[in-house]
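Asks: for reference, the sequence and a predicted model appear below.
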Amino acid sequence: MIDLKAARRDPGGFRAALARRGAAADFDALLAADASWREHTERAEALRAEQKRASKGRPGPRELEHLKALAARIDKALADQAEAARRRDELLARIPNLPDPTAADGMDEQDAQLVRTWGEPPAFGFTPRDHLELGSPRGWIDVARAARLSGSRFAYRIGDVAMTELALYQFVLRTLAGKGFLPVLPPVLVGERAMFGTGFLPTEESNLYLLEKDELYLTGTSEVALAGLHMDERLEESDLPARYAGYTTNFRREAGAAGKDTRGMFRVHQFDKVEMYVFCLPEQSRDIHEELLAHEEEIARELGLPYRVMNIAVGDLGASAAKKYDIEAWFPAQGRYREITSCSNTTDYQARRLNIRFRREGRLEFVHTLNGTGATARALLAIMENFQDEGGRVAVPEVLTRFGAPAAIGRA
RNA sequence: GGUGGAGUCGCCUAGUGGCCGAGGGCGCACGCCUCGAAAGCGUGUGAGGGGGCAACCCCUCCGUGGGUUCAAAUCCCACCUCCACCGCCA
């Protein structure tokens, strides 16, 4: 949620910032709806004040008549006001966050800016196999049986692959715990409020699994439940920044991704992830965004994955992000870099919608929040593809064997 | 899922239709007193929104949402949460 009061004070500045991500027209509509709401509010409140003044004591028959008429006018004025508020709030809910000035210009994926590259794509003296081929000989990545069970875009991970994937999450969780992140296993079913608060509703509704009977959504990332951890709370300034690392299974409908990444488990409806989430002071969020990126890069390096860092174009950001970095690892079988992690500075956008504040010098201010990926199964896929040999055997990074991964995946 | 009890301004609590559109205590802040402190005394003490250059004025909020009424913390309905017990499942 953008700061509506600030927007009234500086409509030109807000409009220009939002125009970068194509939301100028929506913003104009919001301002008009807001002006109408304020008119209705002033009228309704004036009538209310009159009623309160007039009905202090027990009214006589004549006053009663006047008060009844007044009550009818108030009913009408309140209904008008509520309708105006509904129109305004609907528009407000769809206005995305103001982009950070240093976020890359452009409207789509192609416009992302290369920040840096690390490592060298491995040179193979053979045609590298993709993760599905590598996992298939022993049935350790089984999408066929998963499809029979659940439909497309699901996978069984079995045996060494299962153990390596779990070791990955353990490794990342331990690494982050060592950097001050408090490990959390949060709920994955949440109410509408949390989905709205994190900005996935209303704009991402088509990508969410909804359990209608219970009015609960399955989360597509632990970001939702981690953000919701402090919903409606007032944090102490001294508690900030508060860093959390969640581990959950995540669920995405992948609406609009038909035909994209259909092979294997690169893009599936259900996947696991370790997620970083930070609540901080407004002036800290820029630095902490860089910090999250640094953690993600450190993890990629420890795993030995060649990668590059991209500054995502403003038009390609989710509603709540002001700026986002993606880390893309090299996938030899695809012959290109693909996203394995991502981190966003959501400034006060989610904090406003979730009503998360802190007290400073007697005033309540909204916190800033950030999120970033620790690791998902995509890192596992990158490991398999980058560290394979001609025989289809995968050398597992040593950091993972310390957490229960086998030394190698595949033909022993 | 069932039955009973509870949900008031940070905490405790008063409150059964207009004098509560929220009183008291604790805590907290400031002041007086004191060499200093405690005690005592006094004053203040929430959130959201609108208007005004400003001092300030106004509206909303007694778990949530509806309803009755000229008027609701108070009456009615539904829901949520917590506590206790029962049933079912593990």
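Replies: Arrived safely.
Asks: okay but A:Arg301 is in contact with A:His295, surely?
Replies: No - judged on C-beta atoms under 8 Å, A:Arg301 makes no contact with A:His295 at a distance of 10.8 Å. Where you see a C-beta, it was placed from the backbone N, CA and C, and this is true even at glycine.
Asks: the two - which one has more neighbours?
Replies: Remark: of A:Arg301 and A:His295, A:His295 carries more neighbours, 23 against 13, as counted by other C-beta atoms under 10 Å.
Asks: in the helix or strand hosting the more buried one, which residues are buried?
Replies: Assigning secondary structure by DSSP states H and E places A:His295 in helix A:285-303. For helix A:285-303, a neighbour-count test (16 or more other C-beta atoms under 10 Å) marks A:285-286, A:288-289, A:291-293, A:295-297, A:299-300, A:303 as buried.
Asks: send me it as CSV with only the CA atoms.
Replies: C-alpha atoms of helix A:285-303 as CSV (Å, rounded to 0.1, in the frame of the first residue of the first chain):
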residue,chain,number,x,y,z
SER,A,285,16.2,-1.3,4.2
ARG,A,286,18.5,-0.3,1.3
ASP,A,287,21.6,-1.7,3.1
ILE,A,288,19.8,-4.8,4.2
HIS,A,289,18.7,-5.4,0.7
GLU,A,290,22.3,-5.5,-0.3
GLU,A,291,23.0,-7.7,2.7
LEU,A,292,20.4,-10.2,1.6
LEU,A,293,21.9,-10.3,-1.9
ALA,A,294,25.3,-10.9,-0.3
HIS,A,295,24.0,-13.9,1.6
GLU,A,296,22.5,-15.3,-1.5
GLU,A,297,25.7,-14.9,-3.4
GLU,A,298,27.7,-16.5,-0.6
ILE,A,299,25.4,-19.5,-0.6
ALA,A,300,25.7,-19.8,-4.4
ARG,A,301,29.5,-19.6,-4.1
GLU,A,302,29.7,-22.2,-1.4
LEU,A,303,27.7,-24.5,-3.5
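Asks: which SSE is immediately downstream of it?
Replies: Going down the chain from helix A:285-303, the next helix or strand is strand A:307-311, by DSSP H and E.
Asks: what about the residue nearest to A:Ala351 when sequence neighbours are not counted, distance to RNA strand B?
Replies: Distance criterion C-beta to C-beta, 6 or more residues apart in numbering; nearest residue to A:Ala351, sequence neighbours excluded, is A:Phe366 at 4.2 Å. Distance, A:Phe366 to RNA strand B, by C-beta to the nearest atom of the strand, to the nearest Å: 9 Å.
Asks: for the residue of the stretch 101-250 of chain A found nearest RNA strand B, which non-adjacent residue is spatially closest?
Replies: Among the residues of the stretch 101-250 of chain A, A:Arg234 lies closest to RNA strand B, at 8.2 Å counting by C-beta to the nearest atom of the strand. Leaving out its chain neighbours, the residue that sits closest to A:Arg234 by C-beta to C-beta, 6+ apart is A:Arg357, at 5.4 Å.
Asks: contacts only, for that neighbour.
Replies: Residues in contact with A:Arg357, defined by C-beta atoms under 8 Å, 6 or more residues apart in numbering, are A:233-235, A:351, A:364-367.
Asks: likewise A:Leu226?
Replies: For A:Leu226, the contact set (C-beta under 8 Å, 6+ apart) comprises A:184, A:186, A:244, A:246, A:275, A:277, A:371.
Asks: what about the strand or helix carrying it, near RNA strand B?
Replies: Per DSSP H and E, A:Leu226 falls inside helix A:223-228. No - for helix A:223-228 and RNA strand B, the contact criterion (C-beta under 7 Å from any atom of the strand) is not met; the two come no nearer than 14.3 Å.
Asks: restrict that helix to CA atoms and write it as PDB.
Replies: Extracted C-alpha coordinates of helix A:223-228, given in PDB (Å, rounded to 0.1, in the frame of the first residue of the first chain):
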ATOM      1  CA  GLU A 223       7.200 -14.700   2.900                       C
ATOM      2  CA  VAL A 224       3.500 -14.600   3.500                       C
ATOM      3  CA  ALA A 225       3.500 -16.300   6.900                       C
ATOM      4  CA  LEU A 226       6.800 -14.600   8.000                       C
ATOM      5  CA  ALA A 227       5.400 -11.200   7.200                       C
ATOM      6  CA  GLY A 228       2.200 -12.100   9.000                       C
END
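Asks: now that helix: how far from the chain's centre is it?
Replies: Computed by C-alpha atoms, centre = their mean, to the nearest Å, the chain-centroid distance of helix A:223-228 equals 9 Å.
Asks: with adjacent residues omitted, what lies nearest to A:Leu364?
Replies: A:Arg357 (4.5 Å).
Asks: now A:Arg87
Replies: Among residues not flanking A:Arg87 along the chain, A:Ala33 sits closest, at 4.9 Å (C-beta to C-beta, 6+ apart).
Asks: which elements pack onto the host helix or strand of that neighbour?
Replies: A:Ala33 is part of helix A:24-54, with elements assigned from DSSP H and E. Secondary-structure packing of helix A:24-54 (3 or more C-beta pairs under 8 Å, 6 or more residues apart in numbering; DSSP states H and E): helix A:4-9, helix A:11-19, helix A:61-94.
Asks: give the buried residues for the last one.
Replies: Spelled out, that is helix A:61-94. Going by neighbour count (16+ other C-beta under 10 Å), the buried part of helix A:61-94 is A:67, A:70, A:74, A:77-78, A:80-81, A:84-85, A:87-89, A:91-93.
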